[in-house]
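Enquirer: Sharing a model that was predicted from the sequence below.
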Amino acid sequence: MKFIDEKGRFFGKINIFDLMVVILLVALIGGVGYKYFILGNKVMVNESDIDVTLWVEDVRQITVDVINVGDVIREYDSNQLFGEIIEKQVTQHYEPVETADGRIVNAAVEGKYDVYIKLKCKGIVTDNAISIGSKEVRMGGTIITKHQLYSVSTKVVEIDLKK
């Protein structure tokens with residue numbers, strides 16, 4: 001008995017083309033199974049508790065009044081959960097102004113305030129970055145956040161990693 005007969009069948013029973021299709025399907029099913037059942041189990045991400053203090057600069061009293069402790073904050077672009085406000089501190093907003101004698105002094109701006117909000121967040125801490133939601137959080141970085149009633153541009157001024 002020949003390995004491949006004159007009609008191109010393997011052992012006289014299976015067409016070579018059909019055999020190649022069956023082998024390809026078995027390989028695809030095996031590859032997908034390997035990816036999801038073997039490799040998929042190795043990916044483990046541990047979320048850490050992180051306190052982040054954000055600085056909301058130069059806002060009016062109406063914005064100060066609407067930001068409250070307990071508000072759940074989301075990222076503006078992705079709408080992913082960013083954190084919950086656990087502390088709020090309001091200070092007068094100051095800007096540099098030149099005096100009549102040429103000196104530069106910080107003067108209070110009437111009706112403008114700076115708000116420092118401390119958030120309790122869940123994030124991923126790696127050697128290269130701290131990620132909360134879809135954003136990498138770094139000191140001095142700008143993050144636009146939103147709530148049902150407001151949206152503000154903030155700067156990160158403190159990051160406290162909880163152990």
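Expert: Okay, I see it. Residues are numbered from 1 along each chain as shown.
Enquirer: Can you get me a residue count around L54?
Expert: Counted by other C-beta atoms under 10 Å, the residues lying close to L54 total 25. All C-beta atoms are positioned from the backbone trio N, CA, C, and that covers glycine.
Enquirer: For the host helix or strand of I143, which strands pair with it and how are they oriented?
Expert: I143 is part of strand 142-146, with elements assigned from DSSP states H and E. Looking at strand 142-146 with DSSP bridges, its paired strands and their directions are strand 72-75 (antiparallel), strand 151-161 (antiparallel).
Enquirer: Most tightly packed of those?
Expert: Sort the strands paired with strand 142-146 by mean neighbour count, taking mean count of other C-beta atoms under 10 Å, and strand 72-75 sits at the top with a mean of 18.
Enquirer: Check which helices and strands the very next helix or strand once past it sits against.
Expert: Sequence-wise, the next helix or strand downstream of strand 72-75 (DSSP H and E) is strand 81-98. For strand 81-98, the elements it packs on are strand 47-59, strand 72-75, strand 104-125, judged by 3 or more C-beta pairs under 8 Å, 6 or more residues apart in numbering; DSSP states H and E.
Enquirer: Could you pull up the mean pLDDT of the longest one?
Expert: Right, strand 104-125. Computed over strand 104-125, the mean pLDDT rounds to 95.
Enquirer: List the contacts of whatever helix or strand comes next after it.
Expert: Of the helices and strands lying after strand 104-125 in sequence (DSSP H and E), the nearest is strand 130-132. Residues from elsewhere that reach strand 130-132, judged by C-beta atoms under 8 Å, 6 or more residues apart in numbering: 50, 52, 82-83, 121-124, 136-138, 159, 161.
Enquirer: and T91, how far is that from G70?
Expert: Distance from T91 to G70, counting by C-beta to C-beta, to the nearest Å: 21 Å.
Enquirer: So for these two, which sits in the more crowded spot?
Expert: Set side by side, T91 and G70 show unequal neighbour counts under other C-beta under 10 Å, the larger going to T91 at 11 against 8.
Enquirer: in stretch 125-132, what counts as buried?
Expert: If you call a residue buried by 16 or more other C-beta atoms under 10 Å, then stretch 125-132 has these buried ones: V125, I130, S131, I132.
Enquirer: What is the nearest of those residues to A27?
Expert: Distance from A27 was checked for each of the buried residues of stretch 125-132 by C-beta to C-beta. The minimum falls on S131, at 36.0 Å.
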